[in-house]
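Participant: Sharing a model that was predicted from the sequence below.
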Amino acid sequence: MISGLFKFSNKQSVLQNATKLVLQQRRTFFNIVPNPSVGLTEDQKQFQSMALDFAQEKMKPFAEKWDKEEYFPREVMREAAELGFGGIYVKEDVGGSGLSRLDASIIIEALASADVSTTAFISIHNMCAGLIDIYGTEEQRKKFLPSLVSMEKIASYCLTEPGSGSDAGSLSTKAVKDGDHYILNGSKAFISGGGDSEVYLVMVRTGAEKGPKGISCLLVEKDTPGLSFGKKEEKLGWNTQPTRALIFEDCRVPVGNLIGKEGQGFSIAMNALNGGRINIGACSLGGAQSCLVAARDHVKVRKQFNQPLEHFQAVQFKMADMATKLHASRIMIRNAAAMLDAKDPSAHVYIAMAKLFACDECFKVTDDSLQLFGGYGYLKDYPVERYLRDLRVHRILEGSDAVMRLIISRELSKDDH
């Protein structure tokens, strides 16, 4: 277990440490409708306050610079891991925090209020660590998870390929067994952390079957011979995390790095995406909340026609709609997380609804915030445009809007309810 001011050795220590922060002055994140702490337990409010204080102190002052310089703040992520944010729902026996998916969504939202891009990578890393914790053998858990939950090493999730995005079951990267190794050939695209992460959870085709049944999950370490990386992609947003392609050319991976069973990879990937969709939705909530606060503050001081903008009914109604969209999005994300925690068999449908609604509506809240800033909102002197750029990709990754609608509509068409 890592040392530091906060030690997440178990849930009780989390609460004891967080209590020191709860009574500190609440920032504007809370001082607005909708209040993100509404409906939370006292424990969850403490987690939220801890994450928010960290975000305000360690992330917000530097987020603009990191974005501009495309800087990957690994040292700050290691500090976040000292609070337990490197393995939020990993079991405690390997150093994880042992919290729920709902708790994780609350923490991630608070972190994203300062820096969506960096928080999104933390959420991806947590997704990978969580998969190893659930599907890995005891040997794999003890070998890989301690260094991942401390974020001394970081992990990337590798599903998408140049020729298979939404149609994930058609992936073509092959893994052929050769004695006690798999030989990998193929490539992965748009990998967050690509080239920087030490651990890659890679979905590959081990079977002859086409479609989902022939897919398995392999853990590939960065220094494995035959693994190389493409150029760093230039992106609209998410600039604090590097994105590269992974290229496998006769890459030899030990059979002992198989996560789960052969042919289980697609199921593992979809389970990962259920949690990932909640996390990305939570990132959207945090960004939109900050934009709403910024817009509220702006319309109070910006004057046109000899009065503050907030005195105009059109602006008042716009702000009311923004707050309502944000509150509804938060309820849907948290309800979906609770269903995932409860292992509800229909959770994936409600997660799809929540991801679709929250990512779309939070982007609209951010866009409306920029509109209320007028020309100033378009300048990089103000943070709203950064939130807008970072939130836009949430409607594409972890399952696009169209894929979410496909999941929902398929469930609607079933006759066995």
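Facilitator: In hand now; what should we look at?
Participant: Give the helix, strand or coil label for residue 189.
Facilitator: With DSSP: H, G, I helix; E, B strand; the rest coil as the basis, the three-state label of residue 189 is strand.
Participant: what's the answer for residue 278, then?
Facilitator: Reduced to three states with three-state DSSP, the structure at residue 278 is helix.
Participant: give me every residue that touches it.
Facilitator: 101, 104, 105, 333, 336, 337, 340, 351, 354, 355 (CB atoms under 8 Å, 6 or more residues apart in numbering). Where you see a C-beta, it was placed from the backbone N, CA and C, and this is true even at glycine.
Participant: ok, the fourth one to residue 380 distance?
Facilitator: This means residue 333. Noted for residue 333: a distance of 29 Å to residue 380, by CB to CB, to the nearest Å.
Participant: now the second one
Facilitator: If you measure residue 104 against residue 380 using CB to CB, the figure is 31 Å.
Participant: residues near the closest residue to residue 233 other than its chain neighbours, how many?
Facilitator: The shortest distance from residue 233 to any residue that is not its chain neighbour, by CB to CB, 6 or more residues apart in numbering, is 4.3 Å, and that residue is residue 243. Neighbour count for residue 243, taken as other CB atoms under 10 Å: 20.
Participant: Could you check how far residue 243 is from residue 325?
Facilitator: Residue 243 is 29 Å from residue 325, where distance means CB to CB.
Participant: Over to residue 99?
Facilitator: According to CB to CB, residue 99 stands 27 Å off from residue 325.
Participant: Specify which residue of the two has the higher count of neighbours.
Facilitator: Each of residue 99 and residue 325 has its neighbours counted (other CB under 10 Å); residue 99 has more, 24 against 21.
Participant: Give me the three-state assignment for that one.
Facilitator: coil.
Participant: re earlier: in the sheet, who's paired with the residue nearest to residue 233?
Facilitator: Going by DSSP bridges, residue 243 is paired in beta bridges with residue 192.
Participant: Next secondary structure after the worst-scoring helix or strand of the chain on mean pLDDT?
Facilitator: Counting by mean pLDDT, DSSP states H and E, the weakest-scoring helix or strand in the chain turns out to be helix 11-22, with a mean of 46. Along the chain past helix 11-22, the next helix or strand (assigned with DSSP states H and E) turns out to be helix 42-54.
Participant: In that following helix, which residues are buried?
Facilitator: The neighbour-count criterion (16 or more other CB atoms under 10 Å) identifies 44, 45, 46, 47, 48, 49, 50, 51, 52, 53, 54 as the buried residues of helix 42-54.
Participant: For the first one, which non-adjacent residue is spatially closest?
Facilitator: This means residue 44. The spatially closest residue to residue 44, leaving aside those adjacent along the chain, is residue 106, at 5.5 Å (CB to CB, 6+ apart).
Participant: Count the residues that sit near that neighbour.
Facilitator: Here the number of neighbours of residue 106 (other CB under 10 Å) works out to 27.
Participant: pretty sure it is in contact with residue 49, am I right?
Facilitator: No. Counting by CB atoms under 8 Å, no contact exists between residue 106 and residue 49, whose distance comes to 10.2 Å.
Participant: what about residue 333 and residue 380, which has more around it?
Facilitator: Set side by side, residue 333 and residue 380 show more neighbours around residue 333, with 30 against 11, by other CB under 10 Å.
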